[in-house]
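Asker: Below are the sequence and a predicted model for it; my questions follow.
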Amino acid sequence: MADIPYSRQWIEQEDIDAVEAVMRSERITQGPAIVEFEQALARSCGTAGAVAVSNGTAALHLACLASGVGPGWEVITSPISFVASANCALYCGARPAFVDIESSTITLDPEKLDDYLRRAPSSAQRVVLPVHFAGHPCRMDDIRAVAARHGAVVIEDAAHALSARWRDAHGIWRTVGSGSHGRMTTFSFHPVKHITTGEGGAVLSNDTEALDRIRILRSHGITNDPDRIARGQGPWYYEMQALGFNYRITDMQCALGLRQLARLDRIVARRREIAHRYTAALRDCDTIVLPLEREGAESSFHLYAIRIKLDRIRRTRQEVVEELAKRDIRTQVHYIPIHLQPYYRTHLGFKEGDFPVAERYYGQALSIPLYPAMTDEQVEHVIRSVKQVMAG
């Protein structure tokens, strides 16, 4: 059997045809496909608007800037995420901070967040940046309430969670990205995510002024909008009104994103089907802990991250990885806690032991293959192999 990666893109002929059509058009960047993609994405999530950008990291950076983040601010996030979730604070001259996770959902713990904010100096301005890990929604009712109590802005990192949902305290189902519980939500469209634009990202919000700010910042801080610039100039005229960046996405990428978004329901349904097959088949394996989907939440299963009970098997995690690789199964670990990265230790003073739940999770975590193009045969091969290897 050919290698089964932990994840990969799902490209069909209609995706290729859509990209080719844009490549044969007059505009391959800064054209109409970008606006079409943004509008379709906003409709899909039920929010007022979206701004598509070059990648998910750019989306986080711009969301922070549009919220006013700068020196003297603090951005509080989860230690279990990709480094971009914290680096966006550093890009703005702010300080990243972390709050430990819930051991059940591997998402930001609202009680620990409240405790941190009660003890923190009241002078700093803050963003709370929860990460919807592996596609599972955070406890946004509680996080929003805690943030509001302490005057913090909420920006959701939903790179893993396109199409995920949860039921709020009033029984209303909320879609991640709708902006019901946060000022902005960011997404990533890297090839392993639910939909891909090759590289790409977006910021979604119901705050139209913030979105306008992000549109200018993504393109060098430049605008030629006649309602925003000096009158009486020629058609060549533009103004740099802010110090922005080249965070633009192309029409070719957005054409791909549009076609992928059109089948998002099918993509997520297949991810959920595979995840539930894993859960049903592996629930009796006493050497692993399976990912939890809490009541009142629907994960979009970006990852299927198991935890190995290393005290019950005769192998190390590295040996498990190697044994699965011999069976053509490629795995990954999500993630090394951000605060343990050398930069964060050396420059910001974080150390081992700061966030014990996150560190304990990292020591056990292993993501097994999950992507919609997996065949049923591949899914069954993964199940058999995991059972064999985890049995010791």
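Answerer: It's in. Fair warning: this is a prediction, and the values are worked out from it, not measured in the lab.

Asker: how much space between the residue most central in space within the chain and Thr47?
Answerer: In the chain, the residue lying closest to the centroid (C-alpha atoms, centre = their mean) is Ala159, at 1.5 Å. As judged by C-beta to C-beta, to the nearest Å, Ala159 and Thr47 stand 16 Å apart. Bear in mind the C-beta positions are built from the backbone N, C-alpha and C, glycine included.

Asker: could you pull out the helices for the stretch 201-350 of the chain?
Answerer: Counting by DSSP state H, counting those that start in this stretch, the stretch 201-350 of the chain has helices at residues 208-217, 251-262, 264-282, 317-326, 342-348.

Asker: out of everything not next to it in sequence, what's closest to the residue nearest to the centre of the chain?
Answerer: What sits nearest to Ala159 in space, not counting adjacent residues and going by C-beta to C-beta, 6 or more residues apart in numbering, is Ser188, at 3.8 Å.

Asker: That neighbour: neighbour count?
Answerer: Using other C-beta atoms under 10 Å, Ser188 has 28 other residues around it.

Asker: again, but for Glu26
Answerer: Neighbours of Glu26 under the rule other C-beta under 10 Å: 8.

Asker: which residues touch Ala230?
Answerer: Counting by C-beta atoms under 8 Å, 6 or more residues apart in numbering, Ala230 makes contact with 237, 239.

Asker: where are the low-confidence patches of the stretch 101-250 of the chain?
Answerer: Residue ranges of the stretch 101-250 of the chain with pLDDT under 70: 232.

Asker: Arg317 touches Arg307, doesn't it?
Answerer: No: contact criterion C-beta atoms under 8 Å: Arg317 and Arg307 do not qualify, at 10.1 Å.

Asker: Look at the two and report which has more neighbours.
Answerer: Per other C-beta under 10 Å, whichever of Arg317 and Arg307 has more neighbours is Arg307, with 19 against 16.

Asker: Model confidence score at the more buried one, please.
Answerer: pLDDT, Arg307: 98.

Asker: Likewise for Gln318?
Answerer: Gln318 is given a pLDDT of 98.

Asker: ok, it to Asp265 distance?
Answerer: With distances taken as C-beta to C-beta, Gln318 is found 38 Å from Asp265.

Asker: contacting residues for the residue nearest to Ala159?
Answerer: Contact partners of Ser188, counting by C-beta under 8 Å, 6+ apart, are 55-56, 59, 159, 200-201.

Asker: again with Val154
Answerer: 127-130, 143-144, 147, 181-183.

Asker: State the phi and psi torsions of Pro32.
Answerer: With angles defined as degrees, to the nearest 10, Pro32 sits at phi -70, psi -20.

Asker: Please verify my assumption that it contacts Leu258.
Answerer: No: in this structure, Pro32 is not within contact of Leu258 by C-beta under 8 Å, at 10.8 Å.

Asker: Looking only at neighbour counts, state which of these two leads.
Answerer: Taking neighbours as other C-beta under 10 Å, Pro32 and Leu258 compare with Leu258 leading, 23 against 14.

Asker: what's next to stretch 382-392, contact-wise?
Answerer: Applying C-beta under 8 Å, 6+ apart, the set of residues contacting stretch 382-392 from outside is 4, 277-278, 281-282, 285, 287-288, 306, 308, 313-315, 320, 323-324, 327, 329, 368-369.

Asker: buried subset of those residues?
Answerer: Listed as buried from the contacts of stretch 382-392 are 4, 278, 281-282, 285, 287-288, 306, 308, 313, 315, 320, 323-324, 329, 368-369; burial here means 16 or more other C-beta atoms under 10 Å.

Asker: still on that earlier bit, now, the most widely separated pair of the contacts of Val154?
Answerer: Val127 and His181 (14.1 Å; C-beta to C-beta).

Asker: Right, I'll call it a day here.
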